[in-house]
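J.: need coordinates for the following:
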Amino acid sequence: MWPTSGDTGSAAIHCVRKMVNADIIVLYSKGRCTQDQELQMSTVQSPNVHVFAAEGTSDDLDEITIAVKSDIAFAEEHGLMIFNSANIGRILAQVPMYFYTYYRFCSIDIMKPLEVIVPTGGCLCITGTIAAKMGLPIKIVACTNKNDVVTRCIKNAEFSQESQVHHTYALAMDIQRPARL
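T.: Got it, this is the predicted structure:
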């Protein structure tokens, strides 16, 4: 099961679509991803790909997914696994990306700090902080939209939520409750 705001759903589908022993169920928020993203997900012709548009926000889809995951008997009976962007595979893939980028653009002899600006809705795109803790001389600058839960967390050290998710042009960042699965 893969809840998506549209930014990762098609990638997940294309990873699984030809597997004979796996099905994928993708949930996306109706009207809250781009038309291109919706077409990338909804037009895949494969018997093991099941794509559903649901009413509500990405946060609402996370609630559904959390409820399914919490029903351990149901999940075991149906062999369900829940995936989203918050998984160790993404982290393991993104951390080396920061090292590659640094060494591609900066001199290894000088080791001058590099500032990396990263748009993020829920902190998962700022995995470069792990690379920085490993000694890479980078500074991560997290950018948000009107749904600025990351900014509020960094400034106030708390994940406060607004009463509603604001619909913006940066649809994948339109969340109030990040990285909960």
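J.: measure the residue in the chain sticking out farthest from the centre to Tyr103 for me?
T.: With C-alpha atoms, centre = their mean as the measure, the chain has its most outlying C-alpha, relative to the mean C-alpha position, at Asp109: 34.5 Å. Asp109 sits 11 Å away from Tyr103 when distances are taken as C-beta to C-beta, to the nearest Å. The C-beta positions use only the backbone N, C-alpha and C, and glycine is treated the same way.
J.: for Val141, same thing?
T.: Here the distance between Val141 and Tyr103 works out to 20 Å (C-beta to C-beta).
J.: just to revisit the earlier point, helix or strand: which one has the residue farthest from the centre of the chain?
T.: With elements taken from DSSP states H and E, nothing contains Asp109; it lies in neither a helix nor a strand.
J.: use 51 as the first number for this chain going forward.
T.: Sure, I'll start numbering at 51, so the last one becomes Asp159.
J.: in which helix or strand does Arg202 reside?
T.: helix 199-206.
J.: against which helices or strands is that helix packed?
T.: Using 3 or more C-beta pairs under 8 Å, 6 or more residues apart in numbering; DSSP states H and E, the elements in contact with helix 199-206 are strand 188-193.
J.: neighbours of Gln95, how many?
T.: Applying the criterion other C-beta atoms under 10 Å, we find 6 residues in the vicinity of Gln95.
J.: sorry, slip of the keys, the one I care about is Asp57.
T.: Residues within reach of Asp57, counting by other C-beta under 10 Å, total 19.
J.: so what's it up against?
T.: When contacts are counted by C-beta atoms under 8 Å, 6 or more residues apart in numbering, Asp57 touches Cys83, Gln87, Ser135, Leu221, Ala222.
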